[in-house]
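# only the shape, not the letters, is given here:
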């Protein structure tokens, strides 16, 4: 559920950050965008994967580990391969694919010159996602083994191509935000819309008939998630958004990527199956200790490796104004301006 909302959020944030910069298809801006996203995701992903492989944690056949180092395991029809070694890595591979598609999607959506057109596109995306759910609703995780080629778990939940729907909904939300953020009536209603979408998402999570269908793999959370994110963005100083913008939660957000990558291998080592028999005092104690260990390790990795590696790669590989001047002397055509951030 959270992964689905994250893919929507990713499309929203990237559009706000890079949308204008990539709209003119400048090679320099596109290159710098690619450097920035690679530097953001890959160093820590590869470091944790090396730790898992070297430590033999969640050991799997070494002959298939190259799928993980290339972050393409989500393309496999075999769920065992997709989730082997470090299980959460499948979504990083999907996210990297979405990063690669983003410049093209921005160019394709340049014709959306009005909010009405953006909303129409969002409706068409939801309709397409609904069609896939209907197509695969008889072949869910319980209906077929997830390694089966016809499994809904493969085609709806794990498929990078189908996750383009989530990502595009996020792009649409960002475009509405850019055009409508100064409308007072909409801004006033935004906190209530965000609260309503939060309640709706929780209700979906607690509704057994829904949570056991293919809708729960994606659509049930992608559509309300897009509206939720838009509502939060339109009202940053009110309601839930104000809490999420607190110093503590922003700081934890900085650590969240490391936390996500480590939660399965470290959780396996520290927590293991101690909660399998219910929330006993001992099990809950191990769970809390495991969370604290994860936060500390995530902070240490963020400060000592993740952030320095990101800065280093962007500094070394990005095209600066000085380098563009040097390229002009050699006759290379690179671009005119750098993207923000």
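Sure, I can see it. Computed from a predicted model, the values in this text were never measured in an experiment.

# and residue 14, how many neighbours?
23 (other CB atoms under 10 Å). Every residue, glycine included, has its C-beta placed from N, CA and C.

# secondary structure element holding it?
Assessed by DSSP states H and E, residue 14 sits inside helix 2-22.

# flag every buried residue along that helix.
Buried residues in helix 2-22, counted by 16 or more other CB atoms under 10 Å: 3-12, 14-19, 21-22.

# what do you get for stretch 288-303?
290, 293, 294, 298, 299, 301, 302.

# surely the first one touches residue 267?
Okay, so that is residue 290. Yes - at 5.7 Å, residue 290 and residue 267 qualify as touching, with contact defined as CB atoms under 8 Å.

# circling back: name the helices or strands packed onto the helix holding residue 14?
Judged by 3 or more CB pairs under 8 Å, 6 or more residues apart in numbering; DSSP states H and E, helix 2-22 is in contact with helix 27-55, helix 89-108, helix 164-180, helix 219-234.

# I'd like to know which of the ones you listed lies nearest to residue 125.
helix 164-180 (5.1 Å; CB to CB).

# helices or strands up against the helix or strand just after the closest one?
Using DSSP H and E, the helix or strand that follows helix 164-180 in sequence is helix 184-206. With contacts taken as 3+ CB pairs under 8 Å, 6+ apart, helix 184-206 sits against helix 208-211, helix 219-234, helix 239-244.

# if we go to 6 Å?
helix 219-234 (3 or more CB pairs under 6 Å, 6 or more residues apart in numbering; DSSP states H and E).

# what's in contact with the helix it packs on?
For helix 219-234, the surrounding residues in contact (CB atoms under 6 Å, 6 or more residues apart in numbering) are 1, 4-5, 8-9, 12, 126, 129, 133, 166, 169, 173, 177, 181, 187, 190, 193-194, 197, 200-201, 204, 241.

# backbone dihedrals for residue 88, both of them.
Per-residue torsions, residue 88: phi -60, psi -10 (degrees, to the nearest 10).

# can you give me the distance of the residue nearest to residue 115 when sequence neighbours are not counted to residue 119?
Closest residue in space to residue 115, ignoring its immediate chain neighbours: residue 179 at 5.2 Å, by CB to CB, 6 or more residues apart in numbering. Remark: distance between residue 179 and residue 119 (CB to CB, to the nearest Å) = 11 Å.

# where does residue 71 fall, phi/psi-wise?
According to degrees, to the nearest 10, residue 71 has phi 60, psi 40.

# quick check: closest non-adjacent residue to residue 264.
residue 87 (4.9 Å).

# and if you look at residue 6?
Per CB to CB, 6+ apart, closest to residue 6 is residue 91, 7.6 Å.

# so that neighbour sits against residue 3, correct?
Yes - here residue 91 reaches residue 3: they are 5.3 Å apart, a contact under CB atoms under 6 Å.

# which residue is the nearest non-sequential neighbour of residue 57?
residue 265 is the one closest to residue 57 (CB to CB, 6+ apart), at 4.6 Å.

# please read the previous query as pertaining to residue 252.
residue 295 (7.6 Å).

# give me the pLDDT value at the closest residue in space to residue 106 that isn't next to it in sequence.
Nearest residue to residue 106 in three dimensions, chain neighbours excluded: residue 22, at 4.8 Å (CB to CB, 6+ apart). pLDDT recorded at residue 22 is 88.

# so for the helix or strand hosting residue 253, mean pLDDT?
In the assignment (DSSP H and E), residue 253 maps to helix 247-270. Summarised as a single mean, pLDDT over helix 247-270 is 87.

# buried stuff in it?
Buried residues in helix 247-270, counted by 16+ other CB under 10 Å: 255, 257-267, 270.

# tabulate those residues in a markdown table, adding columns for distance to residue 45.
Formatted as a markdown table, the buried residues of helix 247-270 follow (distance: CB to CB, whole Å):
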| residue | distance to residue 45 |
| --- | --- |
| 255 | 15 |
| 257 | 9 |
| 258 | 10 |
| 259 | 13 |
| 260 | 10 |
| 261 | 6 |
| 262 | 11 |
| 263 | 14 |
| 264 | 13 |
| 265 | 13 |
| 266 | 15 |
| 267 | 17 |
| 270 | 21 |
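
# quick one on the thing from earlier: which of the buried residues of stretch 288-303 sits closest to residue 34?
Of the buried residues of stretch 288-303, the one sitting nearest to residue 34 (CB to CB) turns out to be residue 302, at 22.4 Å.

# that closest one and residue 253 touch, don't they?
No - at 10.7 Å, residue 302 does not count as touching residue 253 under the criterion of CB under 6 Å.

# residue ranges in the stretch 1-150 of the chain under the pLDDT threshold?
Applying pLDDT under 70 to the stretch 1-150 of the chain picks out residues 59, 137-150.

# coming back round to it: tell me the helix or strand right after the helix holding residue 253.
Sequence order places helix 281-301 as the next helix or strand after helix 247-270, per DSSP H and E.

# figure out how far the helix or strand following that following helix is from the centre of its chain.
Under the assignment DSSP H and E, the closest C-terminal helix or strand after helix 281-301 is helix 307-317. Relative to the centre of its chain, helix 307-317 is centred 21 Å away, using CA atoms, centre = their mean, to the nearest Å.
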